[in-house]
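Q: no FASTA, just this:
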(Lines give C-alpha, C1' and ligand atoms only; values in the text may rest on other atoms or scores of the structure.)
Protein backbone atom coordinates (compact mmCIF):
# COMPACT_ATOMS: atom_id res chain seq x y z
CA UNK A 1 0.00 0.00 0.00
CA UNK A 2 2.60 2.50 1.14
CA UNK A 3 4.98 2.71 -1.76
CA UNK A 4 2.18 3.06 -4.30
CA UNK A 5 0.11 5.62 -2.46
CA UNK A 6 2.04 8.78 -3.27
CA UNK A 7 2.07 7.83 -6.98
CA UNK A 8 -1.69 8.06 -6.97
CA UNK A 9 -2.01 11.66 -5.83
CA UNK A 10 -2.91 12.78 -9.37
CA UNK A 11 -5.50 10.02 -9.48
CA UNK A 12 -7.19 11.23 -6.29
CA UNK A 13 -7.38 14.68 -7.80
CA UNK A 14 -8.60 13.45 -11.16
CA UNK A 15 -11.45 11.42 -9.71
CA UNK A 16 -12.74 14.44 -7.82
CA UNK A 17 -12.11 17.00 -10.55
CA UNK A 18 -14.16 15.18 -13.17
CA UNK A 19 -17.48 15.08 -11.33
CA UNK A 20 -20.21 17.68 -11.59
CA UNK A 21 -19.64 19.90 -8.60
CA UNK A 22 -20.87 23.00 -6.86
CA UNK A 23 -19.65 24.67 -3.69
CA UNK A 24 -21.54 27.95 -4.20
CA UNK A 25 -23.82 27.34 -1.22
CA UNK A 26 -20.84 26.53 1.02
CA UNK A 27 -19.07 29.70 -0.15
CA UNK A 28 -22.08 31.84 0.86
CA UNK A 29 -21.15 31.09 4.49
CA UNK A 30 -18.30 33.24 5.80
CA UNK A 31 -14.90 31.62 6.26
CA UNK A 32 -13.91 32.34 9.87
CA UNK A 33 -10.53 31.89 11.53
CA UNK A 34 -9.89 30.14 14.85
CA UNK A 35 -6.61 30.08 16.75
CA UNK A 36 -5.95 26.42 17.60
CA UNK A 37 -2.73 24.63 18.66
CA UNK A 38 -0.64 27.72 17.84
CA UNK A 39 -1.87 27.80 14.25
CA UNK A 40 -4.90 29.22 12.44
CA UNK A 41 -7.75 26.98 11.28
CA UNK A 42 -10.27 28.31 8.74
CA UNK A 43 -13.85 27.06 9.16
CA UNK A 44 -17.50 27.59 8.28
CA UNK A 45 -20.70 26.84 10.20
CA UNK A 46 -23.80 25.97 8.19
CA UNK A 47 -27.24 25.48 9.76
CA UNK A 48 -29.19 26.48 12.86
CA UNK A 49 -27.11 26.89 16.02
CA UNK A 50 -29.68 25.07 18.22
CA UNK A 51 -29.40 21.88 16.14
CA UNK A 52 -27.18 18.87 16.96
CA UNK A 53 -23.67 19.28 15.56
CA UNK A 54 -21.84 17.51 12.74
CA UNK A 55 -18.08 17.87 12.17
CA UNK A 56 -17.01 16.93 8.61
CA UNK A 57 -13.35 16.28 7.79
CA UNK A 58 -11.83 16.29 4.31
CA UNK A 59 -8.97 14.28 2.79
CA UNK A 60 -5.53 14.94 1.29
CA UNK A 61 -5.02 18.49 0.10
CA UNK A 62 -8.76 19.18 0.15
CA UNK A 63 -10.29 22.38 1.52
CA UNK A 64 -13.74 22.58 3.11
CA UNK A 65 -15.31 23.35 -0.29
CA UNK A 66 -14.58 19.84 -1.57
CA UNK A 67 -17.45 18.47 0.56
CA UNK A 68 -19.75 19.99 -2.04
CA UNK A 69 -23.13 21.67 -1.65
CA UNK A 70 -25.27 18.54 -2.02
CA UNK A 71 -23.58 16.66 0.83
CA UNK A 72 -23.54 19.62 3.21
CA UNK A 73 -27.11 20.78 2.42
CA UNK A 74 -28.41 17.23 2.78
CA UNK A 75 -27.05 17.01 6.32
CA UNK A 76 -28.18 20.54 7.22
CA UNK A 77 -31.72 19.85 5.93
CA UNK A 78 -31.87 16.73 8.12
CA UNK A 79 -31.75 19.07 11.14
CA UNK A 80 -28.04 19.48 11.90
CA UNK A 81 -25.57 22.32 12.19
CA UNK A 82 -22.54 21.46 10.06
CA UNK A 83 -18.97 22.50 10.90
CA UNK A 84 -16.55 22.22 7.97
CA UNK A 85 -12.95 23.40 7.99
CA UNK A 86 -9.61 23.43 6.21
CA UNK A 87 -7.12 20.98 7.69
CA UNK A 88 -3.76 22.53 8.53
CA UNK A 89 -1.74 23.12 5.35
CA UNK A 90 -4.78 23.70 3.10
CA UNK A 91 -7.09 26.56 2.15
CA UNK A 92 -7.37 29.39 4.62
CA UNK A 93 -5.61 27.50 7.44
CA UNK A 94 -1.93 27.87 8.31
CA UNK A 95 0.20 26.50 5.46
CA UNK A 96 3.53 24.75 5.82
CA UNK A 97 5.01 25.73 2.44
CA UNK A 98 8.15 27.07 4.17
CA UNK A 99 8.87 23.52 5.40
CA UNK A 100 9.38 22.59 1.75
CA UNK A 101 8.52 19.35 -0.06
CA UNK A 102 9.65 15.93 1.17
CA UNK A 103 11.94 13.87 -1.06
CA UNK A 104 9.33 11.19 -1.36
CA UNK A 105 11.42 8.25 -2.62
CA UNK A 106 13.90 8.78 0.24
CA UNK A 107 11.16 9.05 2.86
CA UNK A 108 9.44 5.91 1.53
CA UNK A 109 12.73 4.00 1.63
CA UNK A 110 13.21 5.10 5.26
CA UNK A 111 9.67 3.97 6.04
CA UNK A 112 10.26 0.55 4.47
CA UNK A 113 13.49 0.13 6.45
CA UNK A 114 11.66 0.98 9.69
CA UNK A 115 13.04 4.50 10.18
CA UNK A 116 10.85 7.50 11.01
CA UNK A 117 9.92 9.66 8.04
CA UNK A 118 10.26 13.45 8.10
CA UNK A 119 6.98 15.33 8.36
CA UNK A 120 6.08 18.79 9.65
CA UNK A 121 3.17 17.31 11.67
CA UNK A 122 1.35 14.04 12.34
CA UNK A 123 -2.26 12.85 12.14
CA UNK A 124 -2.38 13.29 15.93
CA UNK A 125 -1.64 17.00 15.46
CA UNK A 126 -4.35 17.24 12.83
CA UNK A 127 -6.97 15.47 14.94
CA UNK A 128 -6.05 17.73 17.87
CA UNK A 129 -6.71 20.70 15.55
CA UNK A 130 -10.24 19.43 14.93
CA UNK A 131 -10.95 18.96 18.63
CA UNK A 132 -9.45 22.39 19.38
CA UNK A 133 -11.83 23.83 16.80
CA UNK A 134 -14.78 22.19 18.60
CA UNK A 135 -13.59 24.00 21.76
CA UNK A 136 -13.37 27.38 20.00
CA UNK A 137 -16.85 27.15 18.45
CA UNK A 138 -18.29 25.82 21.72
CA UNK A 139 -19.47 22.36 20.65
CA UNK A 140 -19.62 19.90 23.52
CA UNK A 141 -19.78 16.98 21.09
CA UNK A 142 -20.50 16.27 17.43
CA UNK A 143 -21.19 13.53 14.95
CA UNK A 144 -17.86 13.12 13.14
CA UNK A 145 -17.78 12.24 9.43
CA UNK A 146 -14.43 11.82 7.67
CA UNK A 147 -13.51 11.11 4.05
CA UNK A 148 -10.29 9.28 3.02
CA UNK A 149 -7.51 10.89 5.13
CA UNK A 150 -10.33 12.73 6.91
CA UNK A 151 -11.67 9.28 7.85
CA UNK A 152 -8.32 8.51 9.47
CA UNK A 153 -8.61 11.74 11.47
CA UNK A 154 -12.22 10.92 12.41
CA UNK A 155 -11.05 7.51 13.66
CA UNK A 156 -8.27 9.17 15.69
CA UNK A 157 -10.69 11.64 17.29
CA UNK A 158 -13.13 8.81 18.16
CA UNK A 159 -10.33 6.81 19.81
CA UNK A 160 -8.58 9.67 21.60
CA UNK A 161 -11.50 11.99 22.46
CA UNK A 162 -14.53 9.66 22.72
CA UNK A 163 -16.46 12.05 24.96
CA UNK A 164 -16.52 14.58 22.07
CA UNK A 165 -17.92 12.14 19.50
CA UNK A 166 -21.64 11.37 19.25
CA UNK A 167 -21.12 9.00 16.30
CA UNK A 168 -18.38 8.17 13.79
CA UNK A 169 -18.80 7.79 10.03
CA UNK A 170 -15.61 6.68 8.24
CA UNK A 171 -15.89 6.95 4.44
CA UNK A 172 -13.45 5.31 1.95
CA UNK A 173 -10.72 5.27 4.59
CA UNK A 174 -8.19 2.94 6.21
CA UNK A 175 -6.31 2.00 9.39
CA UNK A 176 -3.09 2.03 7.29
CA UNK A 177 -2.29 -1.49 8.47
CA UNK A 178 0.70 -2.87 6.56
CA UNK A 179 -0.98 -6.13 5.52
CA UNK A 180 -3.70 -4.36 3.54
CA UNK A 181 -3.48 -4.46 -0.27
CA UNK A 182 -2.00 -1.72 -2.46
CA UNK A 183 -4.00 0.20 -5.05
CA UNK A 184 -5.29 -1.89 -7.97
CA UNK A 185 -3.72 -2.31 -11.39
CA UNK A 186 -6.60 -0.27 -12.83
CA UNK A 187 -5.68 2.62 -10.54
CA UNK A 188 -2.07 2.37 -11.68
CA UNK A 189 -3.17 2.23 -15.34
CA UNK A 190 -5.26 5.35 -14.83
CA UNK A 191 -2.17 7.02 -13.40
CA UNK A 192 -0.11 5.99 -16.45
CA UNK A 193 -2.71 7.63 -18.68
CA UNK A 194 -2.43 10.79 -16.63
CA UNK A 195 1.36 10.69 -16.79
CA UNK A 196 1.27 10.47 -20.59
CA UNK A 197 0.11 14.07 -20.89
CA UNK A 198 -3.45 14.04 -19.63
CA UNK A 199 -2.56 16.25 -16.68
CA UNK A 200 -3.03 19.46 -18.64
CA UNK A 201 -2.95 23.01 -17.39
CA UNK A 202 -6.75 22.94 -17.71
CA UNK A 203 -6.99 19.84 -15.49
CA UNK A 204 -4.65 21.41 -12.93
CA UNK A 205 -6.78 24.56 -12.84
CA UNK A 206 -9.97 22.47 -12.49
CA UNK A 207 -8.45 20.74 -9.47
CA UNK A 208 -7.61 24.04 -7.80
CA UNK A 209 -10.99 25.54 -8.70
CA UNK A 210 -12.59 22.59 -6.98
CA UNK A 211 -10.80 23.45 -3.73
CA UNK A 212 -7.70 21.23 -3.73
CA UNK A 213 -4.19 22.33 -2.74
CA UNK A 214 -1.84 19.85 -4.49
CA UNK A 215 1.30 21.32 -2.88
CA UNK A 216 0.09 20.26 0.58
CA UNK A 217 -0.56 16.64 -0.41
CA UNK A 218 3.00 15.26 -0.11
CA UNK A 219 3.36 16.78 3.38
CA UNK A 220 0.00 15.42 4.53
CA UNK A 221 0.96 12.06 3.05
CA UNK A 222 4.15 12.11 5.13
CA UNK A 223 1.96 12.79 8.20
CA UNK A 224 0.09 9.56 7.38
CA UNK A 225 3.36 7.62 7.02
CA UNK A 226 4.83 9.11 10.18
CA UNK A 227 1.72 8.13 12.17
CA UNK A 228 1.75 4.61 10.66
CA UNK A 229 -0.56 1.68 11.38
CA UNK A 230 -3.37 2.81 13.70
CA UNK A 231 -5.11 -0.58 14.04
CA UNK A 232 -4.51 -0.89 17.81
CA UNK A 233 -6.03 2.54 18.39
CA UNK A 234 -8.96 1.97 16.01
CA UNK A 235 -9.74 -1.25 17.91
CA UNK A 236 -10.44 0.85 21.05
CA UNK A 237 -13.21 2.90 19.38
CA UNK A 238 -16.46 2.44 21.30
CA UNK A 239 -18.68 5.14 19.75
CA UNK A 240 -21.48 4.19 17.35
CA UNK A 241 -19.69 3.65 14.02
CA UNK A 242 -20.70 3.47 10.36
CA UNK A 243 -18.06 2.48 7.77
CA UNK A 244 -18.81 3.34 4.12
CA UNK A 245 -16.73 2.09 1.20
CA UNK A 246 -16.95 1.81 -2.57
CA UNK A 247 -16.80 -1.70 -3.97
CA UNK A 248 -14.70 -0.36 -6.87
CA UNK A 249 -12.27 1.80 -4.89
CA UNK A 250 -8.94 1.36 -6.66
CA UNK A 251 -6.99 3.74 -4.44
CA UNK A 252 -8.01 2.39 -1.02
CA UNK A 253 -9.40 -1.07 -1.84
CA UNK A 254 -12.56 -2.37 -0.15
CA UNK A 255 -10.65 -4.63 2.27
CA UNK A 256 -9.36 -1.46 4.01
CA UNK A 257 -12.94 -0.51 4.92
CA UNK A 258 -13.75 -4.08 5.89
CA UNK A 259 -10.69 -4.18 8.18
CA UNK A 260 -11.79 -0.94 9.88
CA UNK A 261 -15.28 -2.37 10.49
CA UNK A 262 -13.86 -5.68 11.81
CA UNK A 263 -11.78 -3.84 14.41
CA UNK A 264 -14.60 -1.66 15.77
CA UNK A 265 -17.12 -3.57 17.92
CA UNK A 266 -20.75 -3.31 16.78
CA UNK A 267 -19.90 -1.14 13.78
CA UNK A 268 -21.95 -1.30 10.60
CA UNK A 269 -20.44 -1.38 7.09
CA UNK A 270 -22.20 -0.20 3.94
CA UNK A 271 -20.60 -1.09 0.60
CA UNK A 272 -21.70 0.75 -2.55
CA UNK A 273 -21.27 -1.03 -5.90
CA UNK A 274 -20.20 1.37 -8.65
CA UNK A 275 -18.41 3.67 -6.21
CA UNK A 276 -14.65 4.20 -6.47
CA UNK A 277 -12.57 6.68 -4.47
CA UNK A 278 -15.17 9.40 -4.93
CA UNK A 279 -18.88 9.91 -4.32
CA UNK A 280 -20.88 9.50 -7.56
CA UNK A 281 -23.93 11.75 -7.87
CA UNK A 282 -26.29 8.79 -8.17
CA UNK A 283 -24.94 7.24 -4.94
CA UNK A 284 -24.95 10.43 -2.85
CA UNK A 285 -28.70 10.39 -1.94
CA UNK A 286 -28.48 6.80 -0.67
CA UNK A 287 -25.24 7.55 1.18
CA UNK A 288 -26.82 10.60 2.83
CA UNK A 289 -29.80 8.49 3.88
CA UNK A 290 -27.49 5.94 5.54
CA UNK A 291 -25.39 8.60 7.30
CA UNK A 292 -28.43 10.55 8.54
CA UNK A 293 -30.17 7.40 9.79
CA UNK A 294 -26.94 6.43 11.62
CA UNK A 295 -26.73 9.87 13.29
CA UNK A 296 -30.44 9.97 14.20
CA UNK A 297 -30.12 6.57 15.91
CA UNK A 298 -27.14 7.85 17.92
CA UNK A 299 -29.12 10.99 18.84
CA UNK A 300 -32.05 8.85 20.00
CA UNK A 301 -29.79 6.68 22.17
CA UNK A 302 -28.07 9.76 23.65
CA UNK A 303 -31.44 11.40 24.41
CA UNK A 304 -32.65 8.26 26.19
CA UNK A 305 -29.49 8.05 28.28
CA UNK A 306 -29.86 11.72 29.25
CA UNK A 307 -33.53 11.31 30.16
CA UNK A 308 -32.67 8.45 32.55
CA UNK A 309 -30.09 10.56 34.41
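A: Right, received. Where do you want to start? The structure displayed is predicted, hence computed values, not measured ones.
Q: residues in contact with the nearest residue to residue 248 once chain neighbours are set aside?
A: When the adjacent residues along the chain are set aside, residue 248 lies closest to residue 276, with 4.8 Å between them (CB to CB, 6 or more residues apart in numbering). C-beta here means a position set from N, CA and C on the backbone, and glycine is covered the same way. Taking CB atoms under 8 Å, 6 or more residues apart in numbering as the contact definition, residue 276 lies against 15, 246, 248, 249, 250, 251.
Q: switch the cut-off to 6 Å
A: 246, 248, 249 (CB atoms under 6 Å, 6 or more residues apart in numbering).
Q: Inside strands: which ones of those?
A: residue 246 (DSSP state E).
Q: Same list (the contacts of residue 276) but as JSON lines, adding distance to residue 119, pLDDT and neighbour count.
A: Below are the contacts of residue 276 laid out as JSON lines (distance: CB to CB, whole Å; pLDDT from 0 to 100; neighbours: other CB atoms under 10 Å):
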{"residue": "246", "distance to residue 119": "28", "pLDDT": "96", "neighbour count": "25"}
{"residue": "248", "distance to residue 119": "31", "pLDDT": "92", "neighbour count": "16"}
{"residue": "249", "distance to residue 119": "25", "pLDDT": "91", "neighbour count": "24"}
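Q: what sits against residue 288?
A: Counted by CB under 6 Å, 6+ apart, residue 288 has contacts residue 74.
Q: All the helices of this protein, in order from the start?
A: For the chain, the helices defined by DSSP state H occupy 2-5, 9-17, 24-27, 69-77, 104-112, 123-137, 149-160, 185-193, 201-210, 217-227, 231-234, 254-263, 284-307.
Q: Pretty sure residue 169 sits against residue 242.
A: Yes: at 4.7 Å, residue 169 counts as touching residue 242 under the criterion of CB atoms under 6 Å.
Q: higher neighbour count, the two?
A: residue 169 (28 against 24; other CB atoms under 10 Å).
Q: State the distance from the more buried one to residue 69.
A: 19 Å (CB to CB, to the nearest Å).
Q: By mean pLDDT, point me to the weakest helix or strand of the protein.
A: Lowest mean confidence among the helices and strands of the chain (mean pLDDT, DSSP states H and E): helix 2-5, at a mean of 51.
Q: now the residue nearest to residue 85 when sequence neighbours are not counted: how far from residue 98?
A: Counting by CB to CB, 6+ apart, residue 43 is the residue found nearest to residue 85 once chain neighbours are left out, at 3.8 Å. Going from residue 43 to residue 98 by CB to CB gives 23 Å.
Q: Who has more neighbours out of these two?
A: Here residue 43 and residue 98 are compared on neighbour count by other CB under 10 Å; more neighbours surround residue 43, at 24 against 6.
Q: Residue ranges in the protein under the pLDDT threshold?
A: 1-20, 186-204, 308-309 (pLDDT under 70).
Q: Neighbours of the nearest residue to residue 84 once chain neighbours are set aside, how many?
A: In space, and not counting its chain neighbours, residue 84 is closest to residue 64: 4.0 Å by CB to CB, 6+ apart. Other residues lying near residue 64 total 29 when counted by other CB under 10 Å.
Q: Am I right that residue 64 is in contact with residue 90?
A: No: Residue 64 lies out of contact with residue 90 (CB under 6 Å); the separation is 8.7 Å.
Q: Enumerate every residue touching residue 90.
A: Contacts of residue 90 by CB under 6 Å, 6+ apart are 61, 63, 213, 216.
Q: Strands - which of those land there?
A: Among the contacts of residue 90, no member falls in strands (DSSP E).
Q: Of those residues - the most surrounded one?
A: residue 61 leads the contacts of residue 90 on contacts (other CB under 10 Å) with 27 neighbours.
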